[in-house]
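J.: Mind looking at a prediction? Sequence and model below.
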Amino acid sequence: MEKRFLVSRGFELPKDEDTMKNNLWFSLWSRKQWPFDKLDIGDFIYWYETPSKKIVWKTCVDILEKFEYKTKGELAERLISCFGEVDFSQSYYVNAPEKGYCLAWKVKPILEVNIPKPPELSVPQLGWLQVDEETISELLSLEKQDYDLILDKFSSGDNIFNEIKEMNEKMAKYSPEKVESIVKRTLRRDTKLIRNLKSLYNFQCQFPGCGRKIKKQDGHFYIEVAHIKPVREGGKSVIGNLLVLCPNHHKELDYGDLKIIEQTEELVSGVLNGKEFEITFTGLKS
C-alpha cells in the first residue's frame, strides 16, 4: 500500500509541473538515514517549502534509486547512469559527504496546492515526516472547496469581453496566491473562457511572423494561452495581458529575456531575446 510523506525544503519549489517532474531530487547522508529503506515507487510526497510556510505540491514517486557510494566520483557516475544529465553545481551535492548513502528520485506531479502548514505538524530536522491518510485528508480539506474553481465560474457567459471584465472584478477579493492558483487551473484545462480566446485567434500563434497552427490527430488544433505579465507579479487575465501562443513562443516568453515597451488593450510591444515585436489586438475591444 502506498505510503505518504511530508518533505520539507528550505527554498522555493518549482511553480510549474514540467520543472517539478524533470527535477532530480536526492538526499545524501554519511550514514544510512530514514527513510532510505522506507520510500518506494508509488508513494506520495507532499512538499512543504519553508520560505512560504506552505505545502505546495502533491506528487507521486515515479523513479527511485537508493544505493551506497564509496566516492563522489562513483556517486556521480551512478546518478548519470540512472537519470542522465545531472546538475552537480548545486550546493547540496557540492557539500555532500565524500562517501555515504544516496536516495534519489523523480516525481509525477498530481496536484498543486496552497496549504499553510498547521503549527502542530512538525517536520524533523532531516526534512522527512511520514503521515497517515487521515492527516493528509484534513490538510487537503482546507482547500478542497477550491480545487475545481476556475475562471469560468466568475463570469455570466455573455461574451468574452464581458466575461474577462466581470471575472477580474469578482477575483479582486481573493489573495494573489489564490488568484494564481485559480488562473493556473483555468489555463491547464480546456475551459470555456480559454476555448473562446483560442477560437478568437483561429488557434494560431499571435507572435509576429509565426502564426503556427498545430493540428492534432483528432482533427482539432492545439495552442496555448499565456500571460505577458505573470499572475504572481500582479498580472491579470485581461485583454492586453493574454496571448494565444504556440508552445515554443510560450516558453520563450516565460523564460527568455523579455522587455515590455508598451502594453495596452490595443497592443503590446517590446523586445524578446534581442528581437523587437509588436502584437495588436485588432477588433478585440467590446
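T.: Yes, it's here.
J.: ends of stretch 261-278, how far apart?
T.: Its first and final residues considered, stretch 261-278 spans 9 Å by Cα to Cα, to the nearest Å.
J.: Could you list the buried residues of that stretch?
T.: 263, 268, 269, 270, 272, 277 (16 or more other Cβ atoms under 10 Å). Where you see a C-beta, it was placed from the backbone N, CA and C, and this is true even at glycine.
J.: gap between the closest residue to the second one other than its chain neighbours and residue 263?
T.: Sequence neighbours aside, residue 279 is the residue nearest to residue 268 in space, at 5.2 Å (criterion: Cβ to Cβ, 6 or more residues apart in numbering). Here the distance between residue 279 and residue 263 works out to 10 Å (Cβ to Cβ, to the nearest Å).
J.: where do the contact lists of these two overlap?
T.: residue 269 (Cβ atoms under 8 Å, 6 or more residues apart in numbering).
J.: can I see the domain layout of the protein?
T.: 4-145, 160-280 (automatic domain parsing).
J.: In CSV: those domains, plus mean pLDDT.
T.: Formatted as CSV, those follow (pLDDT from 0 to 100):
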stretch, mean pLDDT
domain 4-145, 88
domain 160-280, 78
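J.: quick revisit: the residue nearest to residue 268: which element?
T.: strand 275-280 (DSSP states H and E).
J.: Residue 198 too?
T.: For residue 198, the element it lies in under DSSP H and E is helix 192-200.
J.: which strands and helices sit next to that helix?
T.: Packing contacts for helix 192-200, counted by 3 or more Cβ pairs under 8 Å, 6 or more residues apart in numbering; DSSP states H and E, involve helix 160-171, helix 176-188, strand 224-227, strand 242-245.
J.: Tell me the strands beside the last one, with direction?
T.: Partner strands for strand 242-245, per DSSP bridges, with pairing direction: strand 224-227 (antiparallel).
J.: gap between the strand it pairs with and the chain center?
T.: Its chain's C-alpha centre and that of strand 224-227 lie 14 Å apart, by Cα atoms, centre = their mean, to the nearest Å.
J.: in that strand, what's buried?
T.: For strand 224-227, by 16+ other Cβ under 10 Å, it's 224, 225, 226, 227.
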